[in-house]
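Give me a model of this one.
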Amino acid sequence: MVRLKDIAARAGLTVMTVSRALRGTSEVSAATRERIRALAAEMGYVPDISARGLRTRNTGLLGVVIPTVIDPIHARMLLALEEQARAGDFDLLLAHTLQQPEIEEACIRRLLGRRIEGLFLLPVYRLAPEAPIYRELRQRGTKVVLVGHPAPFCQDFPSVAVEDLLASAAVTRHLLALGHRRIAFLAGSPTSPAARERLEGYRRALREAGMVADDRLVFNAGTEIEDGAHAALRMIDEGVRPTAIQAVNDLVAIGAANVLLSQGLRIPADISIAGFGNILTSEYFRVPLTTVRQPKYRLGLAAMELMQALLRGEKGESRRLPAELAIRESTAPPPALPPVGGGEAGSAAHS
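Residues are numbered from 1 along each chain as shown. Below is the predicted model:
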């Protein structure tokens, strides 16, 4: 392994001068800095991050704990975090919770053991008002930024999140403006604040239109394509007759749309469908999906700005980012007659 003293011997300089040159300090001339960096690269020198941490008590490490990088929303946000971390001379340590509280706790403890300077967390949501690992983070004074909505167990940490309620209401208003009055909603997990906000946005838009939401057309779905497919099958089996479906996210919408298409229904001629998130698949689905453009990359930028404020010793202010409606081919005015068989009892909303 190449050491600083090896570079110093080749350059005919002191170890201190080489160290300062590689750190880019103004105590060494620009020409010398360039010469030392070129020599270090030629010799294959790699800085010892752990040694730097012992000297400065700063490890240059930030932790990121998310459910899974496979999720396209998380992937774009992670890209922004990584780019900003690199620009700030930080390295990211990534861990996946798979939405399991016990895995989340183990991940956080491992990262704390690596002496991270800050932690980005997309919580594993639970209904309990307290979570021991979050209480421990508070007691340690760990600098934490939530990349998602706060819940009771993590309410006092600063966060960045999307205006889910307002964005979801915009989707419902779009369907109402097209003439739909029987709008089904495929809901997410009740433990997720974002899913709850999206459901409330749907209900709020109906109330604003002078309508009452019919809970018979709110179906528990989940987050994945299979969840959307199962919810659509339940809707059909129960004889519910919406003219439009609004889903908690794009994957659920795509799963439901696949079932509807397989049943011979035409989208949007027979039934409209809309999602949330604007993942790449939504635009290139068989029927390009009306959805919400979730600001995935900007979430990562905002989270890093908030972390930088915390690292400077400032009080971090939570932020909510707006999201735009993306209208595509999956939504249109309703047909003259409801498309899905069964009686009139399943109307999503009525005046």
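
In the stretch 201-350 of the chain, where is pLDDT below threshold?
When residues are selected by pLDDT under 70, those of the stretch 201-350 of the chain lie in 337-350.

ok, residue 5 touching residue 15?
Yes: between residue 5 and residue 15 there is a contact under CB atoms under 8 Å: 5.2 Å. Quick note: C-beta positions are derived from backbone N, CA and C, even for glycine.

In terms of neighbours, single out the busier of these two.
In terms of neighbours (other CB atoms under 10 Å), residue 15 is the more surrounded of residue 5 and residue 15; the figures are 14 against 11.

now that one: how far from residue 9?
Taken as CB to CB, to the nearest Å, the spacing of residue 15 relative to residue 9 amounts to 9 Å.

May I ask which helix or strand encompasses residue 160?
Assigned by DSSP states H and E, residue 160 belongs to strand 160-162.

What pairs with that strand, parallel or antiparallel?
Partners of strand 160-162 in the sheet, by DSSP bridges, are strand 319-321 (parallel).

Show me the strands in this structure, by range?
Secondary structure of the chain by DSSP state E: the strands cover 61-66, 91-96, 118-121, 144-146, 160-162, 183-187, 212-213, 218-220, 244-247, 272-274, 291-293, 319-321, 324-326, 349-350.

Buried deepest among those, which one?
For the strands of the chain, average neighbour numbers computed from mean count of other CB atoms under 10 Å are highest in strand 244-247, which has a mean of 32.

Can you tell me the strand partners of it and which way each runs?
Determined by DSSP bridges, the sheet partners of strand 244-247 are strand 183-187 (parallel), strand 272-274 (parallel).

Dump these into a markdown table; add distance to residue 209 as well.
Converted to a markdown table, those look like this (distance: least, CB to CB, whole Å):
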| stretch | distance to residue 209 |
| --- | --- |
| strand 183-187 | 10 |
| strand 272-274 | 16 |
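
if we compare these, which one ends up closest to residue 203?
strand 183-187 (8.3 Å; CB to CB).

This protein - how does it break down into domains?
For the chain, the domain assignment from automatic domain parsing gives the residue ranges 4-47, 59-157, 164-294+326-350.

Point out the most buried one among the ones you listed.
Of the domains of the chain, the one with the most neighbours on average (mean count of other CB under 10 Å) is domain 164-294+326-350, at a mean of 20.

gap between that domain and the chain center?
Between the mean C-alpha point of domain 164-294+326-350 and the mean C-alpha point of its chain there is a distance of 21 Å (CA atoms, centre = their mean, to the nearest Å).

any chance you could map the helices in the chain?
Remark: helices of the chain, listed N- to C-terminal, are 4-11, 15-23, 30-43, 49-56, 72-87, 101-113, 132-140, 164-178, 193-208, 225-237, 250-262, 280-284, 296-311; assignment by DSSP state H.

I'd like these as JSON lines, with distance to residue 124 appended.
Converted to JSON lines, the helices of the chain look like this (distance: least, CB to CB, whole Å):
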{"stretch": "helix 4-11", "distance to residue 124": "43"}
{"stretch": "helix 15-23", "distance to residue 124": "39"}
{"stretch": "helix 30-43", "distance to residue 124": "42"}
{"stretch": "helix 49-56", "distance to residue 124": "29"}
{"stretch": "helix 72-87", "distance to residue 124": "13"}
{"stretch": "helix 101-113", "distance to residue 124": "4"}
{"stretch": "helix 132-140", "distance to residue 124": "10"}
{"stretch": "helix 164-178", "distance to residue 124": "18"}
{"stretch": "helix 193-208", "distance to residue 124": "12"}
{"stretch": "helix 225-237", "distance to residue 124": "18"}
{"stretch": "helix 250-262", "distance to residue 124": "19"}
{"stretch": "helix 280-284", "distance to residue 124": "25"}
{"stretch": "helix 296-311", "distance to residue 124": "18"}
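
So which of those helices is nearest residue 322?
helix 164-178 (7.2 Å).

Could you figure out how far that closest one is turned away from strand 183-187?
Note on geometry: by axes from the mean of the first three to the mean of the last three CA atoms, to 10 degrees, helix 164-178 and strand 183-187 are set 160 degrees apart in direction.

related to what we said a few turns ago, for the domains of the chain, give me CSV that also has distance to residue 300.
Output for those, formatted as CSV (distance: least, CB to CB, whole Å):
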stretch, distance to residue 300
domain 4-47, 26
domain 59-157, 3
domain 164-294+326-350, 12
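
looking at these, which is closest to residue 303?
domain 59-157 (5.0 Å).

check contacts around residue 46.
With contact taken as CB atoms under 8 Å, 6 or more residues apart in numbering, residue 46 is in contact with 1-2.

distance of it from residue 2?
When CB to CB is the yardstick, residue 46 and residue 2 sit 8 Å from each other.

re earlier: compare the helices of the chain and give me the one nearest residue 216.
Relative to residue 216, the nearest member of the helices of the chain by CB to CB is helix 225-237, separated by 9.9 Å.

quick one on the thing from earlier: check the average confidence over the strand holding residue 160, would you?
The predicted model assigns strand 160-162 a mean pLDDT of 96.

what comes into contact with it?
Contacts to strand 160-162, defined as CB under 8 Å, 6+ apart, come from residues 145-149, 194, 294-295, 299, 302-303, 306, 318-323.

show me where pLDDT drops low in the stretch 1-150 of the chain?
48-57.

measure stretch 239-247 end to end?
Counting by CA to CA, to the nearest Å, the length from the leading to the trailing residue of stretch 239-247 is 19 Å.

again but with stretch 96-105, I slipped
When the termini of stretch 96-105 are compared using CA to CA, they are 11 Å apart.
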